[in-house]
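# give me a 3D structure for the following:
(2 chains)
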Amino acid sequence: MKNLVFLLAFILIIPLSANADTTKEYNLDNGLKVLVVEDHKAALAIFQIWYRVGSRNEPMGKSGISHLLEHMMFKGTPKYGSKAFSKIVQKNGGVDNGFTTKDYTMYYQSLASDRIAISIELEADRMKNLIIDPKEVLAERSVVMEERRMRYDDDPQNSLHEEVMAAAYKSHPYHWPVIGWMSDIASIERNDLYSHYMAYYSPDNAVIVVSGDIKADEIIQKIKAAFGKIPAVTDRRPVTSREDEQKGERRVSLKREAELPYVIGAYHTPSFPDRDSYALEVLGAVLSGGKSSRVYKTIVHEKKLALSAYADYSGLSKDPYLFMFGATAAPGKDIRDVENSLYEEIEKIKKEPPAENEVQKAKNQIEAAFIMGQDSIYFQAELAGIFEMIGGWKLKEQYLEGIRKVTPGDVSRVAKKYLIEDNRTVGVLIPTKPEESK
Amino acid sequence: MSKQSEVSLLRRPAVAGSQKSEVRIFLIVLFLCSMLFALCPDTYALDSNRKILPNGLTVLYSEKHNIPIVMVTMIIKASPLDEPQEKAGLATLVAGLLDEGTKNRKSSEISGEIEFIGASLGSSAGSDYTTVTLSVLKKDMEKGFELFSDIALNPVFPQEELDRTRERIKGALKQREEDPSFLAGRAFDKEVFGEHPYGRLTEGSAETLSAITREDLIQFHSKYFIPNNAILSIAGDLTSGELDSLMKKYLASWKAAVVPEKKINPMPEEKTKKVVKIEKDVTQANVILGHLGVSRDNPDYYAISVMNYILGGGGFSSRLMQKIRDEMGLAYDVHSFFVPNKERGVFQAGVQTKNESANTAIGEILRQMEKIREEKVSDQELADAKAYLTGSFPRRLDTSRKIADFLASVEFYNLGKDYVEKYPSYINAVTKEDVLRVAQKYLDPENFVLVVVANQKKAGLKY
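Below is the predicted model:
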């Protein structure tokens, strides 16, 4: 049975590459890059603008400034006042949002395709003319502090994540969280934001991705007219920080009011498109791609040590990032046993390469997720954008090709190379009982 | 798979409100629209077909050949509404155990086979119904559908898997107690709905889960998982010929039976103000304020949609967001929504704000509820709300997955075959007077349930 399925998948995998790429690239004189992906299945379009700025570009003491600036991008220009942006989009039946990561900041609008000019007008305006009113900064800073309380300070597992990142990175800005430390957020002033805006929000530091029911030739003319005269900024400081090789395990613990112990581990790994990144991706899927994967099957299902457990390689990063695992202990179980059993799974792969069909399953899962994602014009645009942020949109082609070439031996080899104790940072959440204040 | 929250921060909360079930999420989207993808231009149509098989199964189908994928959603009309109170969590356990062993396959064979083709099976029980889904590449459709029908029709609920899953759900319930919004939501539903099944978690509690036997699961499955109690919806890259052959091969032997009648505890009728304070050492107070709302078949549903969009459903366009976040800087997220279930659902407003600001935020929510009951909304607000609700409709149907889910849900709630075409006219017919009328009728700033999870000393509630 297994062999038949295996064979079948091999034969059938070939036509999948029929998903011919239709991305078109344009470059304006001021350095703005524009990618257009036409997809005419519905009268909808997505407009995304990506700025190459995230928490990795922040100076020490001002962590969270990129994210706060993203919030301020909705607070108005002389032409479109505070809060006008989202209202205009919504009254045109659209939705919009923005998000900040460690590597980039992205804004998008989803609209009926005949209204996509609204995006062009509004985004070009706020790339150049943002006000950043000091009063608005005060209010929005409080909003972000509430956001931080909600996401981190009152969430023990997310708090542990923050601790692990801070320990895994000492010299590189991945050390601090995207949202920033509380005291840093509180210290960010209008002029800090304005300098950050002036340095990073310029056409040569941005990429526009438009997808959906639009015509590339028409849309590029409109974009040229709106963005073409915005000048480039040339004197940006590059990120020079690098993380030195880790020599020895680092361990952190966090005592917080919580119900169950939780463990996170992080190994330094190279990022995509390093030649090892494909095998690391497949390794992640072999370990934890669904209920039939090793981590779930042994630790959650058979041994019943954990309520949930995962392993995951995040290779789509600008600078070298991490292969991570995590698990919540089942009630009454010792978190040390959970942690050790995760290592056992890793050691097994180091000793013996996974079975051929196990690797094939992982590859099929990665590929199928890729194809299913193509049904969404948002995902199509996002994919082009993410790859562009880390090195070039054409890498997305290379990605699947690379995955297909991975062998069981490669999977075992990268486990041996990167998933080693000296390269590991581990965090453990130790639940404490609430104080008797009730 | 990784925890996304730390690497990607959205400016707007991606999901607001109760996450109790998929059904709710779906319906909240309908109402809230502060989400990524919500609701339709004036001339929108969805090409779909509907038929009823000889065994009573309703089949909905929408053909779409742009991507080689097939998305399947099956609704089984079985939920906590059909379980005894002392066995709360039964519907969830049945759903959770469908893929843990069938007459033909062991648990590990099911996951191994489905994952090998990069497909996925899902099953969960919501407030009103159980959903079983399949996402599969076109080339593996036959294999995927075989597995899908196997788990839906032939589960055997092995005792060992029952014990395992039960313990895991109990553990997950314990872990969720770390989350203040979970504590607030659970307490709120309990106060609003009393003994009615909507008042408890779909997962049940540790105690009720312990009372469930394997025999209960088998009985529940055989009583409710019958074709004349189900809706099957398929969207994607398959022809009607292929669909017919799948139906014949995998579902023709599925036998109709008598659908059992529901016996449901009534909802509390009396209107009183109740305040629940839950102590937790947190930096933010987690606030939910609301009361009983409406069912999905309430004729005022569309006027309520418009009213709530203006009050707290319209993201940055809503009054609550403008006031409490933009002007006062008190919160990252503040919202309101109605959950229009098969039976009456809730209306609720929610906010998270630092302990010390809880009183101010609650006061402002109540003021906004009073205001929309006292004065007509402006022409601009009404026009903007309508433009959004109608203009965003196509995005609810922009992928095969969304179409499959949408068709099934429209069928379940009897929204009509022409729902997609009619929706804009329903919304556009709403007047300012309607908005005022439904605000007065369905919002109550006097008799409400208020739940606050907080460091109570710091919050110092005056309610």
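
# hmm, A:Ser63 is touching A:Ser55, no?
Yes: using C-beta atoms under 8 Å, A:Ser63 is in contact with A:Ser55, at 6.5 Å. All C-beta atoms are positioned from the backbone trio N, CA, C, and that covers glycine.

# what do the two both touch?
Overlap of the contact sets of A:Ser63 and A:Ser55 (by C-beta atoms under 8 Å, 6 or more residues apart in numbering or on different chains) consists of A:173, A:176-177, A:180.

# intersect those with the contacts of chain B.
Checking those against chain B by C-beta under 8 Å from any C-beta of the partner chain, the ones in range are A:Pro177.

# how about the residues of the stretch 201-350 of chain B by chain A?
Applying C-beta under 8 Å from any C-beta, one finds that the stretch 201-350 of chain B approaches chain A through B:279-284, B:314-317, B:322, B:325-333.

# can I have the buried ones of those residues as a ChimeraX selection?
Restricted to buried positions by 16 or more other C-beta atoms under 10 Å in any protein chain shown, the ChimeraX selection for these reads:
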select /B:279,280,282,283,284,314,315,316,317,322,325,326,328,329,330,331,332,333
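
# keep only those of the residues of the stretch 201-350 of chain B next to chain A that are in strands.
Mapping these onto strands (DSSP state E) picks out B:279, B:284.

# which residues touch the closest residue to chain A within the stretch 1-150 of chain B?
Across the stretch 1-150 of chain B, no residue is closer to chain A than B:Gly118, which sits at 2.6 Å (C-beta to the nearest C-beta). Counting by C-beta under 8 Å, 6+ apart, B:Gly118 makes contact with A:364-369, B:137, B:140.

# distance check, it against A:Arg294.
Here B:Gly118 is placed at a distance of 18 Å from A:Arg294 (C-beta to C-beta, to the nearest Å).

# and A:Gly402, by the same measure?
With C-beta to C-beta as the criterion, A:Gly402 and A:Arg294 are 22 Å apart.

# Provide the secondary structure category for B:Val451.
Three-state call for B:Val451 (DSSP: H, G, I helix; E, B strand; the rest coil): strand.

# wait, I meant B:Ser62
Here B:Ser62 is recorded as strand under three-state DSSP.

# how about it, what does it touch?
Counted by C-beta under 8 Å, 6+ apart, B:Ser62 has contacts B:46-49, B:234-236, B:400, B:403-404, B:407.

# mind checking pLDDT for the residue of the stretch 1-150 of chain B closest to chain A?
Note for B:Gly118: predicted pLDDT of 97.

# not counting sequence-adjacent ones, nearest residue to it?
Closest residue in space to B:Gly118, ignoring its immediate chain neighbours: A:Ala368 at 2.6 Å, by C-beta to C-beta, 6 or more residues apart in numbering or on different chains.

# let me know the helix or strand that the one you found is in.
helix A:356-373 (DSSP states H and E).

# what lies in contact with stretch B:202-213?
B:20-21, B:79-80, B:85-93, B:125-127, B:162, B:166, B:169-170, B:172-174.

# pick out the residue of the stretch 251-400 of chain B closest to chain A.
Closest to chain A within the stretch 251-400 of chain B is B:Gly391: 1.7 Å, counting by C-beta to the nearest C-beta.

# verify the contact between that residue and A:Ala112 for me.
Yes: the criterion here is C-beta under 8 Å, and B:Gly391 meets it with A:Ala112 at 6.6 Å.

# so how far is A:Trp50 from the residue nearest the centre of chain A?
Geometric centre of chain A, nearest residue: A:Thr101, 6.3 Å, by C-alpha atoms, centre = their mean. A:Thr101 is 10 Å from A:Trp50, where distance means C-beta to C-beta.

# any idea which helix or strand comes after the helix or strand where B:Val192 lies?
Using DSSP H and E, B:Val192 sits in helix B:180-193. Using DSSP H and E, the helix or strand that follows helix B:180-193 in sequence is helix B:206-210.
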